[in-house]
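**Student:** Need the 3D shape of this:
(chains A and B)
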Amino acid sequence: MAEVIQIKDIARYAGQEVTVRGWVYNKTGKGRLQFILLRDGSGQAQCVAFKREMDAEAFEIARGLSQESSVVITGEVRADERAPGIPGGFEIGIRDLQVLQQAQDYPITPKEHGTEFLMNHRHLWVRSSRQWAILRIRATIIKAMRDWLDDQGFLLVDTPIITPAAGEETTTLFEVDYFGDPAFLAQTGQLYNEANIMAFGKVYCFGPTFRAEKSKTRRHLIEFWMLEPEIAFCSLEELMDIEEGLVTHVAAQVLEKHSQELAIIERDVNKLRAITAPFARISYDDAVERLQGLAEATDDPEAKAELAIAWGEDFGSPQETALAEQFDKPVFVYHYPTAVKAFYMTPVAGRPEVCRSVDLLAPEGYGEIIGGSERIHELDLLEQNIDKMGLGREAYQWYLELRKFGTVPHAGFGIGIERTVAWICGLNHVRETIPYARLLNRKYP
RNA sequence: UCCGUAGUAGCUCAAUUGGCAGAGCAAUCGGCUGUUAACCGAUCGGUUCUUGGUUCAAGUCCAAGCUACGGAGCCA
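**Tutor:** Below is the predicted model of the structure:
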């Protein structure tokens, strides 16, 4: 029995006999010569069945293999620049093979398919090279974020998914029955993070969040993953430094570890190489002026209407895009109007109509990937805001109590994993960034 | 929720003015010693999204509904 290897390591075994185990990704044949492209999860390798080098029965089995059949193949590794694969350049001359299961009528062929068909077969689509590459990059992005934060002295502190009250908006919560009492799936771990920083200084939570928004766009999921750092004794400017450090590290790690995957998805790596510190930092006031300037400059009445904005309004999707297009890397927009932001954001001293908030807008039309702010740390002000929004103090008792026992200035942000992956990978929809997307009209498979 | 577009073979699509429902791929069988979405020959493959209507005749026209896709709002 030859050594079982992973295809990603194939180059190390040139000249040796090995065993690989996997699935038939594609097959082309030419009579007595059959080429089987085998994938094993780590990569893809061309396995060559040549009638004269095998016994007749084994050759017939190889010739009859169907797409996605599971198979164990033993043979000699040899370098051949004609051989396709991941990494490619090496192939296996089949000596023997064993079929675990002969697949029949695998639906995803190497031709074009529509979105609905592919999403209905997501459990199989994840096997395709492109999806394989994207999901591997997703894993690296998450690891890069966590590694960077851990190295900076942050502690991972998990926050609950079933919660008693709203984080922000009550209308977009998923309600669950908690032994007869209503409870809600978490929209954010932020409020708990604010408790946890008083114990650990710098923390982050990472997990799924749930929003029952009836939004149907390329940037929205009903269930998405978010990483939320929170830092005690932190200003908005320091927060931007942290966000910048995190995002540039992610881009660098993906470039370093995934040239192969980036090539598979045909991502322009120059766009990723541009993601270096510092990012431009502009105020909301400045952003509005820029948009008004753009609206004035254009002759297209439709574009003019899309860009039109009055001070005090939040940015729409086309406006975010137009704003971000002025930069070749992410851009910070800070000091948004207090009225369009959440109740816990600190007002700017001497200018309460704007607050100490900051969004990070990604380039290439990917929009907001991070939202963050300095949190209100004075009890009175926080109580006033909760009353003003009609949220009800009872539900926030514990949160308000944090302001009574050694409250300190603090700040934090949330970064959406799927939006980040879509941007880094250059995808046109977040549905491909998560293995099993939950969308407005889809919870299958 | 609103606006727009679409739904025909397993998949991707075609079907002229309302006049016999078709192609490529996949599958199956055969051929081929270097294929890269191979190629060549053959075979198989249909409730034209649903319901109702107009008509001698509906994939095509009308009405309602369903589903998907694209966009908006909301957001990360």
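**Student:** For the helix or strand bottoming out on mean pLDDT in chain A, buried residues please.
**Tutor:** Scoring the helices and strands of chain A by mean pLDDT, DSSP states H and E places helix A:301-307 at the bottom, with a mean of 86. Of all the residues in helix A:301-307, those buried under the rule 16 or more other C-beta atoms under 10 Å are A:E306, A:L307. Where C-beta positions appear, they are placed from N, C-alpha and C, glycine not excepted.
**Student:** How about that helix and RNA strand B, any contact?
**Tutor:** No - using C-beta under 7 Å from any atom of the strand, helix A:301-307 stays clear of RNA strand B, with a minimum separation of 7.7 Å.
**Student:** Residue ranges in the stretch 151-300 of chain A under the pLDDT threshold?
**Tutor:** The model of the stretch 151-300 of chain A has pLDDT under 70 over residues A:166-171.
**Student:** near RNA strand B, which residues of it show up?
**Tutor:** With the criterion set to C-beta under 7 Å from any atom of the strand, the stretch 151-300 of chain A comes near RNA strand B through A:168-169, A:172, A:211, A:213-222, A:224, A:226.
**Student:** switch to 6 Å and redo it
**Tutor:** Within the stretch 151-300 of chain A, the positions lying close to RNA strand B (C-beta under 6 Å from any atom of the strand) are A:R211, A:E213, A:K214, A:S215, A:K216, A:T217, A:R218, A:R219, A:H220, A:L221, A:F224, A:M226.
**Student:** For the residue nearest to A:L440 when sequence neighbours are not counted, grab the count of nearby residues.
**Tutor:** Nearest residue to A:L440 in three dimensions, chain neighbours excluded: A:K216, at 4.8 Å (C-beta to C-beta, 6 or more residues apart in numbering). By the criterion of other C-beta atoms under 10 Å, A:K216 has 9 neighbours.
**Student:** Wait, A:K216 touches A:R431, no?
**Tutor:** No - the pair A:K216 and A:R431 fails to qualify as a contact (C-beta atoms under 8 Å) at a distance of 11.2 Å.
**Student:** which residues do those two both contact?
**Tutor:** Counting by C-beta atoms under 8 Å, 6 or more residues apart in numbering, the common neighbours of A:K216 and A:R431 are A:L439.
**Student:** Quick check: closest non-adjacent residue to whichever residue of the stretch 251-400 of chain A sits closest to RNA strand B.
**Tutor:** Per C-beta to the nearest atom of the strand, A:G316 is where the stretch 251-400 of chain A lies closest to RNA strand B, at 2.2 Å. Leaving aside its sequence neighbours, A:G316 sits nearest to A:E306 (C-beta to C-beta, 6+ apart; 7.4 Å).
**Student:** all strands for the stretch 251-400 of chain A, in order.
**Tutor:** Using DSSP state E, counting those that start in this stretch, the strands of the stretch 251-400 of chain A run over A:280-283, A:331-334, A:347-348, A:351-355, A:357-362, A:367-375.
**Student:** that older thread, tell me the contacts of the residue nearest to A:L440?
**Tutor:** When contacts are counted by C-beta under 8 Å, 6+ apart, A:K216 touches A:L439, A:L440, A:N441.
**Student:** part of a helix, is it?
**Tutor:** No - applying DSSP: H, G, I helix; E, B strand; the rest coil, one finds A:K216 to be coil, outside a helix.
**Student:** Count the neighbours of A:T407 for me.
**Tutor:** 18.
**Student:** where does it fall, phi/psi-wise?
**Tutor:** Main-chain dihedrals, A:T407, degrees, to the nearest 10: phi -70, psi 150.
**Student:** was I right about it contacting A:L381?
**Tutor:** No - if you go by C-beta under 8 Å, A:T407 and A:L381 don't touch, sitting 11.1 Å apart.
**Student:** restrict the contacts of A:K216 to those near RNA strand B?
**Tutor:** Among those, RNA strand B is touched by A:N441 when using C-beta under 6 Å from any atom of the strand.
**Student:** and which of the contacts of A:K216 is nearest to RNA strand B?
**Tutor:** Closest approach between the contacts of A:K216 and RNA strand B, by C-beta to the nearest atom of the strand: A:N441, at 3.4 Å.
**Student:** Provide a list of residues in contact with the closest one.
**Tutor:** Counting by C-beta under 8 Å, 6+ apart, A:N441 makes contact with A:K216.
**Student:** Fine by me, thanks again.
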